[in-house]
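Engineer: What shape does this take:
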Amino acid sequence: MKRTKIIDIFSPELIGTEVSVMGWVRTRRGNKHVQFLAINDGSTIKNLQVVIDMAKFTDDDLRGVTTGSSVHVTGRLVESMGKGQTCEVQAETLKLFGTADPETYPLQKKGHTLEFLREKAHLRPRTNTFGAILRVRSTLAFAIHKFFNERGFFYLNTPLITASDCEGAGAMFQVTTLDLNNLPKTEDGKVDFSADFFGKPTALTVSGQLEGELGATALGAIYTFGPTFRAENSNTPRHLSEFWMIEPEMAFYDIVDNMDLAEDFIKYCINYALDNCRDDIDFLAQMYDKDLVDRLKFVVENSFVRLSYTEGVKILEESGRKFDFPVFWGADLQSEHERYLVEEHFKRPVILTDYPKEIKAFYMKLNDDGRTVRAMDVLFPKIGEIIGGSEREADYDKLLGRIEELNIPMKDMWWYLDTRRYGSVPHAGFGLGFERLVLFVTGMTNIRDVIPFPRTPNNAEF
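Structural biologist: Predicted structure coming up:
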């Protein structure tokens, strides 16, 4: 008999038929006459109740069937009289695949803190919470590809190992095959990278944007979706050392086109999750964030406010609020400032534009005032910045000027400048940290809880 996934078992047409189900036991209860198993196979937040008539089974048949064990059950699917479920399986056969020692299995039926579960990241996907989060994450990943595919974008794979630092931040993980205990040296005593695998210093990428621009200036519109790495010693609920980024780049787009796409994109993804993961989102709302569904719907149903950085700073300065970080024109806004604008002042998502050039990257298009660039940050409730982007500087001389002003080595930039030397066009793009989107859609508060195996300072377990 072919296996039926639990997500499919609740179809009314299956009532009265023989079914075959497999999964992990969440709970077992009952008496000497009848036993009840709640089993889950990961396909849905819902457990399936299995009714075991002890007149048909022996105690030996059920020995080892405990929380965490895995089983294969066949039997008749019937309507359930029990509260909280529509159907149940009356077991005819039961096979035990694998046991879970009740003395040592850490996920017994009781409440576990999220901190405890981070220490058990190899098992936490079996809990209701992390099963729900990972299904939402998977659904959002599919929505991202679907959104761009429907709009004629091409999926571009940019390198994970790179010799360029896109952000100019220097917080990169170095990649090398050199013997760290016996490093080759040049005559002046520096490390001789000509002996390394790539013949020069390389690192894990912090962004695929620069290579994405190369794709956009050939294919018109591309997007990347892959892992990125930041070697920042940031132990906050919003930072990871390894995370996933979505970075679309579009030729013939200006800053307004870019804002329109960013707003459409994020609303599409949230809508898709609401339509396809509603059971999981409702569960997370019930357990962690009662306002989650209303907040998601509110973002989808309302236009984002658009205003300049200068206007935003003025609002913050006149708010009368005492912030932990001072606000002044030229300051790099902190999460507390961004959330004030979104949650308290406008009470909806905000897109801030036209930031001072000193606090933004070299590749952003300079405005006519010479002081600001055509940057845009999308700010969300509970998160702060969720998207960062800009119209890119298309003028060769202006871009070269910024590169020289910031002392970025020309040997790393010649290929990037060629896109402005040969057939330059207006173009724009943005980056979305995938985990921040998952954080928002699931209502979780720590980014370590929305990626299967978080990488943070002093933590590379599993």
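
Engineer: just the helices in the protein please.
Structural biologist: Using DSSP state H, the helices found in the chain span residues 6-9, 59-62, 114-118, 128-150, 209-219, 255-276, 278-287, 292-301, 309-317, 335-339, 396-405, 414-421, 434-442.

Engineer: Show me what the second one is packed against.
Structural biologist: For helix 59-62, there is no helix or strand it packs on, judged by 3 or more CB pairs under 8 Å, 6 or more residues apart in numbering; DSSP states H and E. In this view, the C-beta of every residue, glycine as well, is placed from N, C-alpha and C.

Engineer: residues making contact with it?
Structural biologist: Helix 59-62 has contacts (CB atoms under 8 Å, 6 or more residues apart in numbering) with 35, 52, 94.

Engineer: Tell me the residue in this protein that is farthest from the middle.
Structural biologist: residue 55 (49.5 Å; CA atoms, centre = their mean).

Engineer: Spatially, and excluding backbone neighbours, which residue is closest to that one.
Structural biologist: Nearest residue to residue 55, sequence neighbours excluded (CB to CB, 6 or more residues apart in numbering): residue 33, at 7.7 Å.

Engineer: so what's that neighbour up against?
Structural biologist: 53, 54, 55 are the contacts of residue 33 under CB under 8 Å, 6+ apart.

Engineer: thought the second one was touching residue 35?
Structural biologist: Yes. The criterion here is CB atoms under 8 Å, and residue 54 meets it with residue 35 at 6.4 Å.

Engineer: From the helices of the chain, pick the one with the highest average neighbour count.
Structural biologist: Comparing the helices of the chain by mean neighbour count (mean count of other CB atoms under 10 Å), helix 434-442 ranks first with a mean of 25.

Engineer: Was I right to think residue 390 contacts residue 367?
Structural biologist: No. Contact criterion CB under 8 Å: residue 390 and residue 367 do not qualify, at 10.9 Å.

Engineer: Give me the common contacts of those two.
Structural biologist: Residues touching both residue 390 and residue 367 (CB under 8 Å, 6+ apart) are 373, 374.

Engineer: Between the two, which is the more surrounded one?
Structural biologist: A side-by-side neighbour count of residue 390 and residue 367, using other CB atoms under 10 Å, places residue 390 first with 25 against 18.

Engineer: do you know how far that one is from residue 43?
Structural biologist: Distance from residue 390 to residue 43, counting by CB to CB, to the nearest Å: 41 Å.

Engineer: do residue 53 as well
Structural biologist: Distance, residue 53 to residue 43, using CB to CB: 26 Å.

Engineer: Alpha carbons only: can I get stretch 44-51 in PDB?
Structural biologist: Output of stretch 44-51 as PDB, limited to C-alpha atoms (Å, rounded to 0.1, in the frame of the first residue of the first chain):
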ATOM      1  CA  THR A  44       2.100  19.700   8.300                       C
ATOM      2  CA  ILE A  45       1.800  21.200  11.800                       C
ATOM      3  CA  LYS A  46      -1.100  18.800  12.400                       C
ATOM      4  CA  ASN A  47      -0.600  15.500  14.200                       C
ATOM      5  CA  LEU A  48      -2.600  12.400  13.200                       C
ATOM      6  CA  GLN A  49      -4.200  10.400  15.900                       C
ATOM      7  CA  VAL A  50      -3.800   6.700  15.700                       C
ATOM      8  CA  VAL A  51      -6.200   4.500  17.700                       C
END
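
Engineer: Report the distance from it to the chain centre.
Structural biologist: Chain-centre distance of stretch 44-51: 28 Å, with CA atoms, centre = their mean, to the nearest Å.

Engineer: And for stretch 80-93?
Structural biologist: For stretch 80-93, the distance to the chain centre is 36 Å (CA atoms, centre = their mean).

Engineer: Now intersect the contacts of residue 33 with the strands, please.
Structural biologist: Members of the contacts of residue 33 lying in strands (criterion: DSSP state E): residue 53.

Engineer: With distance to residue 175 as extra columns, can I get the contacts of residue 33 in a markdown table?
Structural biologist: Converted to a markdown table, these look like this (distance: CB to CB, whole Å):
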| residue | distance to residue 175 |
| --- | --- |
| 53 | 61 |
| 54 | 60 |
| 55 | 64 |
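
Engineer: Could you single out the nearest of the contacts of residue 33 to residue 144?
Structural biologist: Ranked by distance to residue 144 (CB to CB), these are led by residue 53 at 47.5 Å.

Engineer: my guess is the closest one meets residue 34, correct?
Structural biologist: Yes. Using CB under 8 Å, residue 53 is in contact with residue 34, at 6.0 Å.

Engineer: Now for the two: what residues contact both?
Structural biologist: The overlap between the contact sets of residue 53 and residue 34 (CB under 8 Å, 6+ apart) is empty.
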